[in-house]
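> Here is a sequence together with a model predicted from it:
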Amino acid sequence: MFKSLKVFAVSLIFLLMLAACNEEVATNLTDAEEILKQSLEAMEGLNSYSMKMETEQTMTINDMETINLTMGIDADMTLEPMAFYQKLSMESDMEMMGKYETEMYLVGDQIFMFEPMMNEWMELPLELVGDIGALSEMQISPDQQLLLLRSFLDDIELSENGNEYVLKLTGEGSEFMEIAQFFGGAGNELEAMFELFSELQLNKIEYEIFIDKETLYQTKLNMTMDLTMEMEGEKIHTFQSIRATISGYNEIGEIKLPDEVVVN
């Protein structure tokens, strides 16, 4: 059972995958709703953006074995037409994983990923990663985040940091599981894995989003999540932190496949 749990932990790693100075606190939560509304309106005409994301995760199995994972994502995305380029690096102290780096392109209806062990590009079937709409959600779409926050207006703390609004959400328990699943980036698959556990507890989640006062575009996000899962007496405790910056709004040109990628 312990060996199976380790295999599950590795799978979960791939699926959970992604206070400033001079702060002035605002107490009128209606302001937070207005900021979200105006930010969503500003992003309706969004054509492209870039994102850099760093994730650190620690998983402890049965209070005995600890697995550490760090992951970095550097991505460009265009929405019309839908396309993206993503560079991913991942490193774990788990022997069977080690260090891994790859690149991925989505152009048209084709997905290509670089396989470092074979030193070649591979075309992937769309079915392996879901439809094109789901792929955009995997990139932690800024507008999807804002829509999600509107469901938790009563729990948002609004403050200001220089030229940015800061919206912070802190909570625990099942009512905040929607946010945890959103950042899992795996939709129904993550939810189905959660159902395998007899007990799942979201100990704490902290989510912080920064919005530029002038453009009303989202610029940064920070998130930490503490989660405990149990199954048949076995327990996995995971702590995950995500830091991301979003830039280059409407500045990304056409994303093309490089010459070394063979198009069939």
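Cool, the structure landed. Numbers count the residues shown, from 1 in each chain.
> All the helices of the protein, residue numbers only.
For the chain, the helices defined by DSSP state H cover 2-15, 29-42, 132-138, 142-149, 177-184, 188-194.
> Comparing these by mean pLDDT, which bottoms out?
Across the helices of the chain, helix 2-15 has the smallest mean pLDDT, namely a mean of 40.
> Count the residues that sit near Leu149.
Counted with other Cβ atoms under 10 Å, the neighbours of Leu149 add up to 22. C-betas here are computed from N, CA, C, even on glycine.
> Am I right that Gln38 is in contact with Glu214?
No. The criterion here is Cβ atoms under 8 Å, and Gln38 misses it with Glu214 at 11.6 Å.
> For the two, indicate the residue with more neighbours.
Neighbour count, other Cβ under 10 Å: between Gln38 and Glu214, Gln38 has more, with 12 against 7.
> Provide a list of residues in contact with the closest residue to the more buried one other than its chain neighbours.
Excluding the flanking residues, the one nearest Gln38 by Cβ to Cβ, 6 or more residues apart in numbering is Leu216, at 5.3 Å. Contact analysis of Leu216 by Cβ atoms under 8 Å, 6 or more residues apart in numbering lists 35, 38-39, 41-43.
> Whichever of these end up buried, select them in ChimeraX.
Listed next is the ChimeraX selection for buried residues among those, using 16 or more other Cβ atoms under 10 Å:
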select :35,39,42,43
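> Show me which of the contacts of Leu216 is closest to Ser159.
Checking the contacts of Leu216 against Ser159 by Cβ to Cβ gives Ile35 as the nearest, at 11.3 Å.
> For the residue nearest to Gln38, give its distance to Glu41.
8 Å (Cβ to Cβ, to the nearest Å).
> Now do the buried residues in stretch 51-71.
51, 53-55, 57, 59-61, 67, 69, 71.
> should've said stretch 209-225
So for stretch 209-225, counting by 16+ other Cβ under 10 Å, buried means 209-212, 216-221, 223-225.
> Do me a favour and get the end-to-end distance for it?
In stretch 209-225, first residue to last residue: 15 Å (Cα to Cα, to the nearest Å).
> One more: stretch 95-115?
By Cα to Cα, one end of stretch 95-115 lies 19 Å from the other end.
> Could you list the buried residues of it?
103-107, 110-114.
> Report the mean confidence score over it.
In the prediction, stretch 95-115 has an average pLDDT of 85.
> One more: stretch 209-222?
Stretch 209-222 carries an average pLDDT of 90.
> now the end-to-end length of that stretch.
OK, stretch 209-222 end separation, Cα to Cα: 7 Å.
> Let the chain start at 9 from now.
New numbering, starting at 9: the last item is stretch 217-230.
> what sits against Ala40?
34, 161, 164, 166, 175.
> Can you flag the buried ones in the residues you listed?
Counted by 16+ other Cβ under 10 Å, these give 164, 166, 175 as buried.
> and the closest residue to Lys228 other than its chain neighbours, bridged to which residues?
Nearest non-adjacent residue to Lys228, counting by Cβ to Cβ, 6+ apart: Phe218, 4.1 Å away. Phe218 has the following beta-bridge partners by DSSP bridges: Val174, Lys228.
> my guess is Phe218 meets Ala252, correct?
No. Here Phe218 does not reach Ala252: they are 10.1 Å apart, not a contact under Cβ under 8 Å.
> what touches both of those two?
With Cβ under 8 Å, 6+ apart as the test, Phe218 and Ala252 both reach 228-229.
> Kindly state the beta-bridge partners for Glu128.
Beta-bridge partners recorded for Glu128 (DSSP bridges): Glu123.
> what's around it, how many residues?
Count around Glu128 with other Cβ under 10 Å applied: 11.
> Likewise for Lys176?
17.
> That one is in contact with Ser167, isn't it?
Yes. Judged on Cβ under 8 Å, Lys176 makes contact with Ser167 at a distance of 7.2 Å.
> Quickly name whichever of the contacts of Ala40 is closest to Ile260.
Distance to Ile260 across the contacts of Ala40 (Cβ to Cβ) is lowest for Leu175, with 25.3 Å.
> what residues are up against the closest one?
So Leu175 contacts 40, 43-44, 157, 164-166, 216-217, 219 (Cβ under 8 Å, 6+ apart).
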